[in-house]
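# For reference, the sequence and a predicted model appear below.
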Amino acid sequence: MLDIRWPIGLMFTLVGALLILTGALSSPESYQRSLGININLWWGLVLLLFGGLMALFAWRAKNRPEQPIARGPGSRQNP
Amino acid sequence: MQSIQLGGIDYSILIIYSLFVLGIGFALKRFMKSSEDFFLSGRSIPAWITGLAFLSANLGALELVGMAASGAKYGIATSHFYWVGAIPAMVFLAVFMMPFYYGSKARSVPEYLKMRFDERTRCLNSITFAVMTLFASGISMNALAKLLHQLLGWDYNLSLWICSAVVLIYVFKGGLTSAIYTEVLQFFMIVLGFAPVVYLGLKDVGGWDAMTQSLSNVAQDPARLGLAAGSYAPDAWSSAWKPLLGGPTANPMGVDLFAMVFGLGFVLSFGYWCTNFLVVQRAMAARNMSAARRTPLIAALPKMLFPALVIVPGMIAVTLASLGKDGYRLPPKMLVESAYAKAVPAVKEAASQKLDAEAAAKLIGEAAGAKMFTDRVAALLEAAPTLDDKSLRNHLQNAVADTDYDGVILSLVKRYCPSGLLGLALTALLASFMSGMAGNVTAFNTVWTYDLYQAYICPNKSDQHYMWMGRVVTVAGVLLSIACAYFASNYSNAMDIVQLVFGFVNAPLFATFLLGMFWARTTSHGAFYGLLAGTMTSALFHSLTLAAGNTPGLKGGYLGVAQTFPSEMAQNFWLASFAFTACFLLTLVISLATRRTKTNEELKGLVYSLTPKLKDEEQAWYLKPTTIGWALLAGCVVLNFLFW
């Protein structure tokens, strides 16, 4: 089955990178609204970190041998 | 209020998000082999995923928009909808009820009712649930599309159809699994999209203490901002329990302690969290019993902290409005085309007759269907002869004194978000909308296919046939929700009636489940007639009571007013309390008077006393649902004291 941490990780990494880029390229005047904080840069960093962590977890899970999981009645046998 | 321009970066974020949720649907398509895969995710999902999906499915756009609105109207007491009205019920579901839902192998909540009682109760529950889900989805879609149109200038039809199409495609492809997976992604999107807005807002008003300081000024004269009339104690907006203890006149909700604790905290909250298939379905998709039981518990932790994200924005908005920072005001009620058509001639008439400001404001206000600021109307009249049609309309809109609370959250997004963050916050809003809608659609297609189509219309077909039906009804469900959205936008009165009727149906439901699950003597006659009687009690209660300030009619009291409540919320909570009690007592009495149709053996796994106790021994003590449940409840008590 698809590991949901991949799409979450990739999406936030991508969006974070885009925000950082926007933050780095835009002029300080455009941040009057956000109280003078370059919020795109800072929040982009947060998103990038979060996305990277998610992807890292997914990658580690992929390389770890599958552990047997107790399954309930009626659950699919071959995941 | 002029609409805001989105830049390329904002559209890019929206598009990236859409591509990812669609991609999840396509990636999961090949795993959909049987109807169990499509409707129940093959019961194969880990608990942290079902837990976040459980929360996300509940977190529709209406929740996000509505909670911010209530945060503005009632302040921090709105968090009772979380700390009183959600957490205890979620813990109860996990610890006591999940073993029967999951252990009975029922594929839906109505199917559990059939196993426990009989076809009648299932039929009643599945039909009302199916219709209710469609309308709920439609109401939410209408609200969101309207908001996007008013505040961003997006086309109503276009935003409605595009959002629905995205949801349709990924649910069609990947069924419940795809809905659950995207809900997890949407959960993070919502949190990470709104957190910076809340941070900036709090920083702008000078932090928490400065905010509560301003809110105490608001409490003394809330009418100045168009909030509740009257005057309240300084902490009415900034403490959760103290205003409640003073009785219904001491808090802006107009609710007494009993209605809050019993009506909301017990009847309505347990009725929603423990019996609504929309959320329970997520837990049923978990891969084993302990994952199913941990699902609501994992959801409860973020749920407990959510007020910071959804209620605080409302409080920030009120503070900003009270400080009048940079001319900020709570978003005014938007005038629609037909209101302009009447109001513009009224302005000309007032100008030509040289009415004084007060009389003019009254005349124009009546024409536009909204209260107007007298001073702004005076300025408008002075400028009217030189204004073209467009700026005349802007002036008119500016002079509206009524508040549109649903616009609060977007007004903050517009205020604080530069291009970039703006795209992220809007994506978060759309994500909440899609998660709610996908929740409704997946619950609807399952109940329709298993509980109505397979049970009554077309039994004994192949599994592939039912999976095909699931896909067909997914399309039908989305189209019907869109129809309901248009219905809601055209006949808001009819929509109020629909919601009212569902309130009647839902209020007594938990009594049936409580007795059914924990008292083996409950008979199917007792359950069915008790439920019907409970519903009729709600209708009767509603027809005999009224909230202060309302006229008899749609809002109640059409058979005479036996009791007047200080607010609609109090009326609702009391209605639920009465309906629950009536259903509970009647089910009890009828059960004692009728014969049981199911033997103890048949009820094994469905009733508490006849089911062997679950052994959690294989788990560490700190992973046991009861331990986590107690910890959550303790956390909840601490939060209540912190914001006492």
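Arrived safely, thanks for sending.

# What values do phi and psi take at residue A:32?
phi -60, psi -40 (degrees, to the nearest 10).

# what are the ranges of the strands in chain A?
Assigned by DSSP state E, chain A shows no strands.

# where in it is pLDDT low?
For chain A, applying pLDDT under 70 flags the ranges A:65-79.

# let's see 80
A:1, A:64-79 (pLDDT under 80).

# same question, the stretch 301-450 of chain B
Low-confidence segments of the stretch 301-450 of chain B, defined by pLDDT under 80: B:327, B:334-338, B:351, B:354-355, B:357, B:369, B:382-389.

# mind listing the helices for chain A?
A:5-25, A:39-63 (DSSP state H).

# Would you mind pulling up the elements that the longest one packs against?
I take that to be helix A:39-63. Helices and strands touching helix A:39-63, by 3 or more C-beta pairs under 8 Å, 6 or more residues apart in numbering or on different chains; DSSP states H and E, are helix A:5-25, helix B:156-205, helix B:421-446. (C-beta placed from N, C-alpha, C; glycine too.)

# Just the angle for the shortest one relative to helix A:39-63, thanks.
Meaning helix A:5-25. 150 degrees (axes from the mean of the first three to the mean of the last three C-alpha atoms, to 10 degrees).

# Now find how far off-centre helix A:5-25 is within its chain.
8 Å (C-alpha atoms, centre = their mean, to the nearest Å).

# Pull up the gap between the residue nearest the centre of chain A and residue B:20, please.
Closest to where the C-alpha atoms of chain A average out (C-alpha atoms, centre = their mean) is residue A:51, at 1.9 Å. Per C-beta to C-beta, to the nearest Å, residue A:51 is found 11 Å from residue B:20.

# Overlap in contacts, these two.
A:10-11 (C-beta atoms under 8 Å, 6 or more residues apart in numbering or on different chains).

# which residues touch residue B:400?
Contacts of residue B:400 (C-beta under 8 Å, 6+ apart): B:332-333, B:335, B:368, B:370-373.

# which one of these is nearest residue B:103?
Closest approach between the contacts of residue B:400 and residue B:103, by C-beta to C-beta: residue B:333, at 50.6 Å.

# mind checking how far that closest one is from chain A?
Between residue B:333 and chain A the distance is 25 Å, computed by C-beta to the nearest C-beta, to the nearest Å.

# Report the spatially nearest residue to that residue, omitting neighbours in sequence.
residue B:402 (4.0 Å; C-beta to C-beta, 6 or more residues apart in numbering or on different chains).

# got it, and residue B:136?
Looking at residue B:136 with C-beta to C-beta, 6+ apart, the closest residue is residue B:440, at 6.0 Å.

# Hmm, residue B:137 and that neighbour touching each other?
Yes. Between residue B:440 and residue B:137 a contact is recorded at 3.9 Å, counting by C-beta atoms under 8 Å.

# between the two, what contacts are shared?
Residues within reach of residue B:440 and of residue B:137 at once, by C-beta under 8 Å, 6+ apart, are B:477, B:481.

# Please report phi then psi for whichever residue of the stretch 451-600 of chain B sits closest to chain A.
The nearest approach of the stretch 451-600 of chain B to chain A comes at residue B:463, 13.5 Å away (C-beta to the nearest C-beta). Taking degrees, to the nearest 10, you get phi -60, psi -40 for the backbone angles of residue B:463.

# That one contacts residue B:35, doesn't it?
Yes. Using C-beta under 8 Å, residue B:463 is in contact with residue B:35, at 5.1 Å.

# quick one, which of the two is more surrounded?
Each of residue B:463 and residue B:35 has its neighbours counted (other C-beta atoms under 10 Å in any protein chain shown); residue B:35 has more, 23 against 13.
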